[in-house]
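# fold the following, please.
(one chain, ligands or ions: 2)
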Amino acid sequence: MSMKDKIQEKFQTLFGDGGEVFASAGRINLIGEHTDYNGGYVFPGAIDKGIMARIKPNGTGKVRAFSLDYDEYCEFGLCEEDKPDQAWARYIFGVCRETAKRGGKVEGFDTVFAGDVPLGAGLSSSAALESTFAYALNCLFNNNIDKFELARIGQSTEHNYCGVMCGIMDQFASIFGKAGSLIRLNCKTMEYKYFPFDPKGYKLVLIDSCVKHELASSAYNKRRASCENAAAAIRKNHPDVECLSDAKRVWLDEVREEIPEEDFLRAEYVIGEVQRVLDVCDALERGDYETVGEMMYQTHFGLSRLYEVSCDELDFLVKLARRCDVTGSRVMGGGFGGCTINLVKDELYDNFTDTAVKEFTAKFGHAPKLYDVVISDGARKVE
Ligand code: ADP
Ligand code: MG
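Ligands and ions are numbered 1, 2, ... in the order given. Sure thing, here's the model as predicted:
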């Protein structure tokens with residue numbers, strides 16, 4: 001039975017007829033890593049894994065929600081003090097609250113929902129959940145909130161109701177995503193542009209190392225401080241440099257002696273990465289996926305050697321990808337674990353994934369997980 005049919009069946013049992021179906025998606029980021037807090041570009045797209053919900057206003061002040069995947073029911077009111085206990089329900093509650101805070105109308109509704117984004121794998125199942133409900137409530141209650149604000153509703157939900165201080169990329173991709181397109185987002189100006197991504201003859205596959213090394217948050221703060229330090233040094237010579245992504249590579253060289261070598265290397269990575277996103281966009285306009293792949297490898301090299309946020313498991317997977325003639329491979333996300341994202345020719349896919357599973361398992365004692373992804377539509381009403 002399809003996910004949609006399972007949702008329909010449960011909805012019928014719990015709440016009867018009616019309701020409308022909405023969906024949204026998880027996301028990948030092809031390139032543009034650790035650029036967001038430096039005012040640079042990210043380049044995400046929505047994927048063919050997401051959340052789907054049947055929703056029907058119930059004419060009360062209460063939300064009655066059933067999670068098929070957790071097999072759990074939760075009922076909550078719409079005032080601030082009604083915050084539910086279940087973590088999954090807080091995402092829905094948060095979206096209701098954040099919509100109301102923006103002047104949107106939200107009344108009670110019944111919903112059954114399910115999803116197929118692996119949790120905590122770096123594909124942002126939480127953004128898929130928030131975006132589904134942000135988009136749905138906007139339609140059902142005719143709020144006319146614009147799409148950027150819908151993404152911000154999801155982001156504020158994470159901040160204010162789930163304790164995750166995330167940026168905007170995940171919710172942006174989930175709301176704005178389109179099949180066959182990636183979206184280049186300028187994290188300083190919030191300007192965005194769609195680029196075609198339809199790699200015929202290639203597959204995108206994520207390999208989840210299933211490790212998460214604990215350095216992540218302290219290392220993240222240190223990286224941010226290094227970037228700010230480098231930007232401040234450059235700014236003395238070039239006052240227009242607001243953030244590191246505004247700087248030219250030669251401007252960084254001018255201050256090499258003034259800043260710690262470590263800060264120099266971090267900044268070298270960031271400035272290179274901003275350029276690589278632009279190069280990838282040019283390549284995509286030509287349909288040149290080989291160049292796209294080469295840039296992915298360069299990003300990995302930078303993340304591993306200059307920014308130093310990789311780990312043995314990820315370096316192993318990227319090296320193995322190179323050996324299997326995979327077109328492009330790099331760690332995706334903040335680093336210190338999680339997935340690599342791989343662009344691989346159809347005819348090399350089986351050998352690559354078999355080899356990766358076999359050799360990774362032999363070396364690290366546990367199997368990695370594989371997720372095939374196709375760039376797909378984000379938030380939408382399902383007919
Ligand atoms: P991710 O990196 O996948 O976004 P998070 O920890 O941010 O990981 O979000 C995962 C949480 O989102 C889950 O613990 C759950 O509360 C909620 N969630 C995601 N997908 C589902 C789902 N299919 N059903 C219910 N809740 C979900
Ligand atoms: Mg999340």
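# wait, does the helix or strand bottoming out on mean pLDDT in the chain make contact with ligand 1?
Scoring the helices and strands of the chain by mean pLDDT, DSSP states H and E places helix 216-237 at the bottom, with a mean of 94. No - Helix 216-237 is not in contact with ligand 1 by C-beta under 6 Å from any ligand atom; minimum separation 12.8 Å. From N, CA and C alone the C-beta is placed, and that goes for glycine too.
# go ahead and confirm residue 264 touches residue 258.
No - here residue 264 lies out of contact with residue 258, judged by C-beta atoms under 8 Å, at a distance of 9.3 Å.
# so which of those two has more stuff around it?
residue 264 (21 against 14; other C-beta atoms under 10 Å).
# quick check, pLDDT for the more buried one.
Residue 264 carries a pLDDT value of 98.
# OK, contacts around it?
By C-beta atoms under 8 Å, 6 or more residues apart in numbering, the contact set of residue 264 is 230, 252, 255, 256.
# any idea which helix or strand carries it?
Assessed by DSSP states H and E, residue 264 sits inside helix 261-285.
# can you pull the buried residues of that helix?
Across helix 261-285, burial judged by 16 or more other C-beta atoms under 10 Å covers 263-277, 280-281, 283-284.
# just to revisit the earlier point, which residues touch the least confident helix or strand of the chain?
Under C-beta under 8 Å, 6+ apart, the answer for helix 216-237 is 34, 37-38, 241, 243-244, 246-247, 251-252, 254-255, 258-260, 262-264, 266-267, 270, 307-309, 334-337.
# only whichever of the residues you listed are buried, select them in PyMOL.
In PyMOL, this line selects whichever of the contacts of helix 216-237 come out buried by 16+ other C-beta under 10 Å:
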select buried, resi 34+37+38+241+243+244+246+247+251+252+255+259+263+264+266+267+270+307+308+309+334+335+336+337
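# so residue 54 is in which element?
Per DSSP H and E: strand 44-57 holds residue 54.
# that strand near ligand 2 at all?
No - judged by C-beta under 5 Å from the ion, strand 44-57 and ligand 2 are separated, with a smallest distance of 11.9 Å.
# packing partners of that strand?
helix 3-15, strand 20-29, strand 109-115, helix 125-140, helix 169-176, strand 181-186, strand 369-373 (3 or more C-beta pairs under 8 Å, 6 or more residues apart in numbering; DSSP states H and E).
# neighbours around residue 164, how many?
Neighbour count of residue 164, defined by other C-beta under 10 Å: 11.
# the spatially closest residue to it that is not a sequence neighbour - how many residues pack around it?
Among residues not flanking residue 164 along the chain, residue 158 sits closest, at 4.2 Å (C-beta to C-beta, 6 or more residues apart in numbering). Residue 158 has 22 neighbours, counted by other C-beta under 10 Å.
# which residues sit against the one helix or strand residue 158 maps to?
Assigned by DSSP H and E, residue 158 belongs to helix 147-161. Contact partners of helix 147-161, identified using C-beta under 8 Å, 6+ apart, comprise 83, 90-91, 93-95, 97-99, 101-102, 126-127, 130-131, 134-135, 138, 145, 164-168, 170-172, 174-176, 190, 379.
# quick one: that helix to helix 125-140, angle?
With axes from the mean of the first three to the mean of the last three C-alpha atoms, to 10 degrees as the basis, helix 147-161 and helix 125-140 are set at 120 degrees to each other.
# give me the buried positions along helix 147-161.
147, 149, 150, 151, 152, 153, 154, 155, 156, 157, 158, 161.
# could you work out the end-to-end span of stretch 161-178 for me?
28 Å (C-alpha to C-alpha, to the nearest Å).
# in it, what counts as buried?
So for stretch 161-178, counting by 16+ other C-beta under 10 Å, buried means 161-162, 166, 168-178.
# now, which of the contacts of helix 216-237 lie within helices?
Mapping the contacts of helix 216-237 onto helices (DSSP state H) picks out 251, 252, 254, 262, 263, 264, 266, 267, 270.
# of all these, which comes closest to ligand 2?
Ligand 2 has its nearest neighbour among the ones in helices among the contacts of helix 216-237 in residue 270, at 23.4 Å by C-beta to the ion.
# looking at the one residue in the stretch 151-300 of the chain that gets nearest to ligand 1 now. What's its pLDDT?
In the stretch 151-300 of the chain, no residue comes nearer to ligand 1 than residue 164, which is 6.0 Å away by C-beta to the nearest ligand atom. Note on residue 164: pLDDT of 92.
# repeat that for residue 37.
95.
# grab the nearest non-local neighbour of it.
Excluding its sequence neighbours, the residue lying closest to residue 37 (C-beta to C-beta, 6+ apart) is residue 224, at 5.9 Å.
# and if you look at residue 104?
In this structure, residue 104 finds its nearest non-sequential neighbour in residue 143, 3.9 Å apart by C-beta to C-beta, 6+ apart.
# OK, contacts around the residue of the stretch 51-200 of the chain found nearest ligand 1?
Proximity of the stretch 51-200 of the chain to ligand 1 (C-beta to the nearest ligand atom) peaks at residue 115, 2.9 Å away. If you count contacts by C-beta under 8 Å, 6+ apart, residue 115 has them with 3, 49, 50, 51, 52, 69, 125, 128, 129.
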